[in-house]
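Novice: Generate coordinates for the sequence data below:
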Amino acid sequence: MNIGVLGGTFDPIHMGHLIIAEETRARLNLTETLFVPAGQPWLKANNLISPAEHRVQMVRLAIAGEPYFKLSTMEIERAGPSYTVDTIAELRGQLGAGDKLFFILGWDNLIQLPQWHEPSRLVGMCRLVPVPRVGHPSPDLDSLEAAVPGLSQSLIMLDTPQIEISSSEIRDRVARGLSIHHLVPQPVERYIKQNGLYIA
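Specialist: I've put the predicted structure just below:
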């Protein structure tokens, strides 16, 4: 099986996440894609993020009825900081020898890869599938390869889709009383309203 892995804080999950997941699933012939909400994202240690139960529930609502999308709460359930390498290692242990993992990330995250926890070990366990982020330049692959040897053999660079939606923009719009209709799935929009999330 070919398994996609899409991690993030999902605070909140939005239509861009779903478009990216579907596009990569179709282009790479993925059997399924796992959505993995972060527990304690160490690169965002100084950022306030919503409680895990809200973020998990929003993902659950967003992917309900999508047969190829699955929710994984392994990072939420694991104590301590959330390191992608630990998540991929745990998934590797659950899969068969012939199964492959495809970790989906934004170009902006790829640029930060040398600062990640054990990046060389990570690229040895999965393929990395970077997708564009509007407003972020294309990564300098030569300098990344120099910093993380072996990275280039792991990469599957995609040039689409180009998504302009961001979770921070959605939080800001909610705080300002603006509509987020069509930016998030309708069940997620209702959940945000019902639970008073992102109100300043």
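
Novice: When you work out contacts or count neighbours from here on, use the C-alpha atoms and nothing else.
Specialist: Will do.

Novice: Relative to residue 85, how far out is residue 126?
Specialist: Distance, residue 126 to residue 85, using CA to CA, to the nearest Å: 10 Å.

Novice: cool, residue 9 as well?
Specialist: 16 Å.

Novice: Who does residue 129 form a beta bridge with?
Specialist: On the basis of DSSP bridges, residue 129 is bridged to residue 104.

Novice: Tell me how many other residues surround it.
Specialist: 22 (other CA atoms under 10 Å).

Novice: where along the chain do the helices fall?
Specialist: Counting by DSSP state H, the chain has helices at residues 15-28, 52-63, 74-77, 84-94, 107-111, 119-125, 141-147, 151-154, 167-175, 186-194.

Novice: Which positions in the last one come out as buried?
Specialist: Buried residues in helix 186-194, defined by neighbour count with 16 or more other CA atoms under 10 Å: 188-189, 192.

Novice: thought residue 37 was touching residue 77?
Specialist: No: Residue 37 is beyond contact range of residue 77, at 10.3 Å (criterion: CA atoms under 8 Å).

Novice: who has more neighbours, those two?
Specialist: More neighbours surround residue 37 than the other of residue 37 and residue 77, with 25 against 11 (other CA under 10 Å).

Novice: For residue 171, grab the count of nearby residues.
Specialist: Around residue 171 there are 20 residues (other CA under 10 Å).

Novice: Quickly note the distance from the residue sitting furthest away from the middle of the chain to residue 193.
Specialist: Using CA atoms, centre = their mean, the residue of the chain lying farthest from its centre is residue 177. It sits 26.6 Å away. From residue 177 across to residue 193, the span is 11 Å (CA to CA).

Novice: ditto for residue 2
Specialist: With the distance defined as CA to CA, residue 2 ends up 36 Å from residue 193.
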